[in-house]
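Participant: Need the 3D shape of this:
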Amino acid sequence: MMEHRCQKIQVDQCVFVKRYDEGDFLILLLYVDDMLIVGEHTKRIKSLKKALGKSFAMKDLGTAKQISRMHIIQDKTKKVLWLSKKKYVTEIFERFNMSGPNSIGSVFPTNCKMNAKQCPRGEKEKAEIRKVPYASTVCSLMYAIFCTRPDIAFSMGAVSSYMSNLG
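Facilitator: Numbers count the residues shown, from 1 in each chain. Below you'll find the model as predicted:
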């Protein structure tokens, strides 16, 4: 990337920026063996793809529709870009036999306090809670927070503290 005058940003080792004298820029996102190039001018994107293709073997898959299980929806006329993990979240609900997501104002009220009174009591309740794949569910939803669902970050942080002892 450096050979093509792309600079690595400090906060993420997989993101590069190529700046042009006119103030324009391209952003390159690398993820394992995938690359996403984002920019305002198609000619510059095509030019960079061509130059990169001379440095290493690559296949141009056209306009991105998905990256890292995240769907990309764009409306060029309105200059709007949406990122969605709806399909991923729906798969989580299906995998863990949960009802579909409901739209509510607050995922987890900030005044909600968890305490020992909410723990399963007796062997029957403890046996039931052991059937719930709690850690897998929480970890799967934690992945959804990345980029598209920061609204559930507080909730997942709160419930993840109970992964080692559901009681």
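
Participant: Give me the domain ranges for the protein.
Facilitator: Recorded structural domains for the chain (assignment: automatic domain parsing) are 2-64, 86-160.

Participant: Show me how far the first one is from its chain's centre.
Facilitator: Spelled out, that is domain 2-64. 20 Å (CA atoms, centre = their mean, to the nearest Å).

Participant: swap in the last one?
Facilitator: Computed by CA atoms, centre = their mean, the separation of domain 86-160 from the middle of its chain amounts to 17 Å.

Participant: what mean pLDDT would you report for it?
Facilitator: Averaged across domain 86-160, pLDDT comes to 77.

Participant: mind checking the end-to-end distance for that domain?
Facilitator: The first and final residues of domain 86-160 sit 22 Å from each other (CA to CA, to the nearest Å).

Participant: could you pull out the strands for this protein?
Facilitator: Along the chain, the segments classed as strands by DSSP state E run 7-8, 15-19, 25-31, 34-39, 66-67, 70-75, 80-84.

Participant: Which of these sits closest to residue 90?
Facilitator: strand 80-84 (10.7 Å; CB to CB). No exception for glycine: its C-beta is placed from N, CA and C like everyone else's.

Participant: okay, the angle between the closest one and strand 34-39?
Facilitator: Here strand 80-84 points in a direction 160 degrees away from that of strand 34-39 (axes from the mean of the first three to the mean of the last three CA atoms, to 10 degrees).

Participant: one step back: quick one: which of the domains of the chain is nearest residue 79?
Facilitator: domain 2-64 (9.2 Å).

Participant: Could you measure from the closest residue to residue 14 other than its chain neighbours over to residue 12?
Facilitator: Nearest non-adjacent residue to residue 14, counting by CB to CB, 6 or more residues apart in numbering: residue 30, 4.5 Å away. Using CB to CB, to the nearest Å, residue 30 is found at 10 Å from residue 12.
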